[in-house]
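**Q** kindly generate the corresponding structure for this input.
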Amino acid sequence: MTNKIVAIQGNNPSKLNPVTDTSVFLAHEIQNKNKYKIFYYDPKDLSIINSKVIAAGFFVEFNYKDKRFFKKLKKQKLELTKCKFILIRQDPPFNLEYISATYILDTIKDKVKILNNPTSIRNVSEKLYSVKFQKYMPNTIFTQNIDEIKNFFKKHKKVILKPIHSYSGNDIHLLTSFNLKLIKKFIKQHDHIMCQKFIPKISKGDKRVFLINGKVCGAISRVPKKGSFLSNMSKGAKPTNIKLTNTENKISKLIAKDLKKENIFFAGIDFIDEKLNGDINVTSPTGLKTLYDLSGINLAKTFWKELKA
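**A** Numbering: from 1, shown residues only. Predicted coordinates for the structure are as follows:
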């Protein structure tokens with residue numbers, strides 16, 4: 001019989017911010033309302049031993065309202081098929097370690113509910129997957145060809161450079177002049193990159209939309225700090241409560257429906273000035289706690305209700 005255990009595969013809890021962290025918020029909800037136990041482990045501590053998927057980690061209690069927001073209860077190795085749910089919540093980069101962990105979890109995905117589905121996480125490459133919806137995006141190319149980037153810059157004058165597999169606004173550059181040295185270094189570091197026409201209205205904020213089980217469930221805006229073009233809260237952006245426009249809602253519903261077909265249960269997508277910015281976050285979507293603080297809407301409750309936990 002499956003136990004009432006939720007395993008979270010994630011970064012060390014000591015590195016999490018309980019004020020904003022979605023993993024902590026989700027764990028707190030099911031631990032307190034549904035009386036589940038939380039088992040936490042790092043992906044590097046995931047193994048296959050005698051055909052069983054084993055994680056070395058610890059049981060933990062979360063309380064985001066406390067300064068000491070987590071309490072380790074019991075360190076142990078756990079066979080993960082004993083869990084009811086496994087949440088894949090570690091941050092990118094989507095590197096070989098990340099991919100290997102998805103292959104390991106693939107071996108038990110028919111025995112335990114894993115969110116998001118590990119096969120689907122590999123198939124839905126967050127930025128490259130957005131090509132399916134490119135007509136809703138600012139002009140964007142994916143390349144490591146210098147001449148293509150040069151031509152793109154000549155056309156648009158201001159261009160955003162993004163790594164394809166990074167996160168949280170890390171290593172994003174705004175090109176206002178063609179800096180060949182920077183571009184070569186960037187490509188050497190990241191291989192294929194995303195180049196996108198800069199949208200000045202980012203100064204008024206972007207919109208992060210939350211998609212759960214094929215439904216559009218809510219959104220927040222994130223306004224960059226003065227002098228910045230980065231709307232990530234980890235980069236100092238300020239969250240505000242907003243509503244989606246009809247255009248944004250229509251696009252969000254299309255993507256939500258598509259992701260459900262791909263077995264993606266939980267995702268976050270972003271808009272700038274009603275245009276999809278190409279970040280379809282399926283690895284570790286964030287923002288649910290922030291939405292709750294701004295509006296009182298508890299999507300952690302919705303998350304678990306959709307799973308019939």
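**Q** count of neighbours near Ser51?
**A** The number of residues packed near Ser51 is 6, by other CB atoms under 10 Å. Placement of C-beta: from N, CA and C, glycine included.
**Q** from Lys113, how far out is it?
**A** 20 Å (CB to CB, to the nearest Å).
**Q** which other residues reach the longest strand anywhere in the chain?
**A** Assignment by DSSP state E gives strand 37-49 as the longest strand of the chain. Contacts with strand 37-49, where a contact means CB atoms under 8 Å, 6 or more residues apart in numbering, come from 3-13, 27, 30-31, 53-62, 78, 83, 90, 97-98, 101, 104-105, 107.
**Q** if you look at those, which of them are in helices?
**A** Ala27, Ile30, Gln31, Glu97, Tyr98, Ala101, Ile104, Leu105 (DSSP state H).
**Q** ok, now which ones touch Ala27?
**A** Val6, Ile8, Ile38, Val60, Phe62.
**Q** what's near enough to touch the fourth one?
**A** Residues in contact with Val60, defined by CB under 8 Å, 6+ apart, are Pro13, Ala27, Ile38, Phe39, Tyr40, Phe70, Lys71, Lys72, Leu73.
**Q** need those residues in CSV with distance to Ser295 and pLDDT, can you?
**A** Listed next are those as CSV, based on distance: CB to CB, whole Å; pLDDT from 0 to 100:
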residue, distance to Ser295, pLDDT
Pro13, 26, 92
Ala27, 21, 97
Ile38, 26, 98
Phe39, 31, 98
Tyr40, 28, 98
Phe70, 25, 96
Lys71, 29, 96
Lys72, 32, 96
Leu73, 32, 95
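**Q** let's see if you can find the most crowded of those residues.
**A** Ala27 (27 neighbours).
**Q** show me where the stretch 51-200 of the chain has helices.
**A** 96-106, 118-123, 146-156, 180-190 (DSSP state H, counting those that start in this stretch).
**Q** of those, which stretch is the most buried?
**A** Of the helices of the stretch 51-200 of the chain, the one with the most neighbours on average (mean count of other CB atoms under 10 Å) is helix 118-123, at a mean of 18.
**Q** what about the spatially closest residue to His192 that is not a sequence neighbour, how many residues nearby?
**A** Once flanking residues are discounted, His192 sits nearest to Gln144: 4.9 Å by CB to CB, 6 or more residues apart in numbering. Residues lying near Gln144 (other CB under 10 Å) number 15.
**Q** from one end of stretch 225-235 to the other, what's the distance?
**A** End-to-end distance for stretch 225-235, by CA to CA, to the nearest Å: 8 Å.
**Q** can you name every helix or strand that the strand or helix carrying Val216 contacts?
**A** Assigned by DSSP states H and E, Val216 falls within strand 215-223. Where contact means 3 or more CB pairs under 8 Å, 6 or more residues apart in numbering; DSSP states H and E, strand 215-223 is packed against strand 206-212, strand 238-241, helix 246-261, helix 288-295, helix 299-306.
**Q** tell me how far the last one is from the chain's mean position?
**A** Taking CA atoms, centre = their mean, to the nearest Å, the mean C-alpha location of helix 299-306 is offset from the chain mean by 17 Å.
**Q** pLDDT on that helix, on average?
**A** Averaged across helix 299-306, pLDDT comes to 98.
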